[in-house]
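*Asks:* got a predicted model here, sequence first, then my questions.
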Amino acid sequence: MHHLFHFAFIFVAVSYFLIREAPAAPPSEEYKLVWSDEFDGTRLDESKWFFREENKRRRNAINSRDGVSLDGNGHLLLTTFKRDGKYHTGFIATQHRFSFLYGYVECRVEMQKVQGHWSAFWMMPDEMKAFDEPDPGKGGVEMDIYEYLCRYPDSLKQALHWNYKHGGKHHCVNKEQVLPGLGEGPHVIGMEWTPDECVFYVDGKETWRTDRGVSGVPSYVLLTCEVDKWGGNMEEFEHLLPDSVKFDYVRIYQK
């Protein structure tokens, strides 16, 4: 009886590990991997990533190289910290390195823990122009695959924004997902982008789809942290810094 229990325990533990660790598959076997970063090694691969707005203030933090690191165990860390009375954080993109038009993109991520900043996995067009309805795709669309504010620990925000540059009228479609346990452990978050719609996934399950504001412009990927009141009052929680969001990989597939 003891041996049977021991075997069952191992089986359950291994099964749980496999379920938790296995990456979500693309929504169709037609998709083939065209670009990825598994964040191996100890230095960011700058042939793949660009330090966007480096040393510039964005909202309430300065985008700093010191906020971007690899831990040597296959993870990218974007870290928010305070130095010389100012907040610093990580902000990188595949801009000027890799853009694509349509496909499936996903990351595996473990969220930050401290209120006052938020992490995001998103996309921007190489150039955004002002194109109002009914054809925003010609102008390019900001695609927020996820934004996470740990002041709302079970809430994931997904959105499309367009027409807000060059004097255009800002349009947005969005969906807030309530996903218990989102702030604990790693999760795979992805988006399928086709000429007709954008479909969002968390841990292999569809969370939202929309045919409004679908971009038709090549776009690049961003991994970011930002400090602002939307994320909470950082001054109240800054004693808990530094704090990091941890990315295990980013993968891009196309048909």
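*Replies:* Thanks, I have it. What you see is a predicted model, and the numbers here were worked out from it, not measured in a lab.

*Asks:* what bridges to residue 32?
*Replies:* Counting by DSSP bridges, residue 32 forms beta bridges with residue 254.

*Asks:* surely it meets residue 254?
*Replies:* Yes - between residue 32 and residue 254 there is a contact under C-beta atoms under 8 Å: 6.6 Å. Glycine gets a C-beta too; all of them are placed from N, C-alpha and C.

*Asks:* what number of residues lie near residue 233?
*Replies:* Neighbour count for residue 233, taken as other C-beta atoms under 10 Å: 11.

*Asks:* likewise for residue 190?
*Replies:* Per other C-beta under 10 Å, the neighbour tally for residue 190 reads 27.

*Asks:* and the gap between it and residue 151?
*Replies:* Distance of residue 190 to residue 151, computed by C-beta to C-beta, to the nearest Å: 24 Å.

*Asks:* are there helices or strands packed against the helix or strand where residue 105 lies, and which ones?
*Replies:* Here residue 105, judged by DSSP states H and E, is contained in strand 103-110. If you count contacts as 3 or more C-beta pairs under 8 Å, 6 or more residues apart in numbering; DSSP states H and E, strand 103-110 packs onto strand 117-125, strand 141-149, strand 187-193, strand 243-254.

*Asks:* OK, contacts around residue 61?
*Replies:* Residues counted as contacts of residue 61 (C-beta atoms under 8 Å, 6 or more residues apart in numbering) are 80, 86-89, 117, 225-227.

*Asks:* kindly report the same for residue 51.
*Replies:* Residue 51 touches 63, 65, 68, 91-92, counting by C-beta under 8 Å, 6+ apart.

*Asks:* more neighbours: which of residue 32 and residue 254?
*Replies:* Using other C-beta under 10 Å, the more surrounded residue of residue 32 and residue 254 is residue 254, with 17 against 10.

*Asks:* any idea of the pLDDT on the more buried one?
*Replies:* On the pLDDT scale, residue 254 is placed at 98.

*Asks:* tell me the pLDDT at residue 22?
*Replies:* pLDDT at residue 22 comes out at 45.

*Asks:* right, I'll leave it there.
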